[in-house]
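>>> what's the 3D shape of this:
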Amino acid sequence: MNVKATMQKLEEMRFGGFARAYKEVSETGVNREFTSDELIAHLVQAEWDDRYNKRLKRLLYRARFRYQASFEEIDFSTRRNLDKNQLLRFSPCDWITKCQNIIITGSTGVGKSFIASALGHQACQYSYKTLYSNCSKLFDKLKIAKADGSYIKEINKIEKLDLLILDDFGLKPLDNNQRLMLLEIFEDRHGRRSTIITSQLPVNKWFEIIGEPTIADAILDRLVHSSHRIELEGESMRKKHKNN
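This next block holds a predicted model:
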C-alpha cells in the first residue's frame, strides 16, 4: 500500500493527527531515523495530541468563560491576600476529583472572576466539563426553562458538569424561585461534582441574601463546609492597570 492510499484510509477513519504525522515523516525521510517502536510511538502521540487539542477547544468553547485566563497570567505581585501556594495546589485539579468546592470573595474589581476563569481553564485542560455563568443570568435562563418546559433538561445538564462556576453571587437578595433553584442545583451536585462561587459579600452575609432560614441552612450546609476559601482584599485591579 502506498503513502497516498494509507493517508486516505487514515482520513476515512478520522485519524487526522496520525495521518499528518505519517505524511510528514514519509516526505522528510525522518522515519528512517526511528526504530519501528519509536515510529509507532511518534504517530500514536501525534494522534493523541490532535484529539486532546480538539477536545480542549470544545470544552473551552462550551465553558463560556468571562475571561480567557490561565494560571500563568494570574498576578501574584499585587497585595490582595492571594496565597500563591494555595492556588498552585489547585493546579492539578485534585479538588475536582474529590468533588470539593471553592469560594472566592472580595470587593469589585479585585480579580475574583479572573481567578475563577483561570481555575476553570485549568479544569478544561484536565478534560473536565465546565460551565461559567453569571448567577443572575443562570437564574433568568432557568426561569425561562420553567416556562417552556425545558427546566428538567437544563437542571440535568448542570448536574452532569464536572465544574460549575457561578459568578457574582449575592448581588441582590434571592426570591423564592431562585432559592429553590439554587437548592436543587447544590442538592444534585453535593458530594458528586465541584462548584466555584464568586461573591462580593463575605460568606457570613450569605444567609441573609438567600433568605428563608430553612432553605438557607440547607444550601450553605451543602456548599460552605466542603469548600476551600479565597478571601481577596485590596483595591480594584482594574484601577491599577488603568493607572499603569
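>>> what's the nearest residue to residue 162 once chain neighbours are set aside sitting at in phi/psi?
Nearest residue to residue 162 in three dimensions, chain neighbours excluded: residue 128, at 3.8 Å (Cβ to Cβ, 6 or more residues apart in numbering). For glycine as for every other residue, the C-beta is placed from the backbone atoms N, C-alpha and C. Per-residue torsions, residue 128: phi -90, psi 130 (degrees, to the nearest 10).
>>> residues in contact with residue 128?
59, 93, 96, 162-163 (Cβ atoms under 8 Å, 6 or more residues apart in numbering).
>>> chain center to whichever strand or helix holds residue 143, what's the gap?
In this assignment (DSSP states H and E), residue 143 forms part of helix 135-148. Helix 135-148 has its C-alpha centroid displaced from the chain centroid by 21 Å (Cα atoms, centre = their mean, to the nearest Å).
>>> Name the residues of that helix that come out as buried.
135, 138-139, 142, 145 (16 or more other Cβ atoms under 10 Å).
>>> Show me which pair in those is furthest apart.
For the buried residues of helix 135-148, the farthest-apart pair by Cβ to Cβ is 135 and 145; their separation is 15.6 Å.
>>> on that earlier part again, following the helix holding residue 143, which helix or strand shows up next?
helix 151-160.
>>> quick one: strands adjacent to the helix or strand just after that following helix?
Toward the C-terminus, helix 151-160 is succeeded by strand 163-169 as the next helix or strand (DSSP H and E). The strands beside strand 163-169 in its sheet (DSSP bridges) come out as strand 130-134 (parallel), strand 194-199 (parallel).
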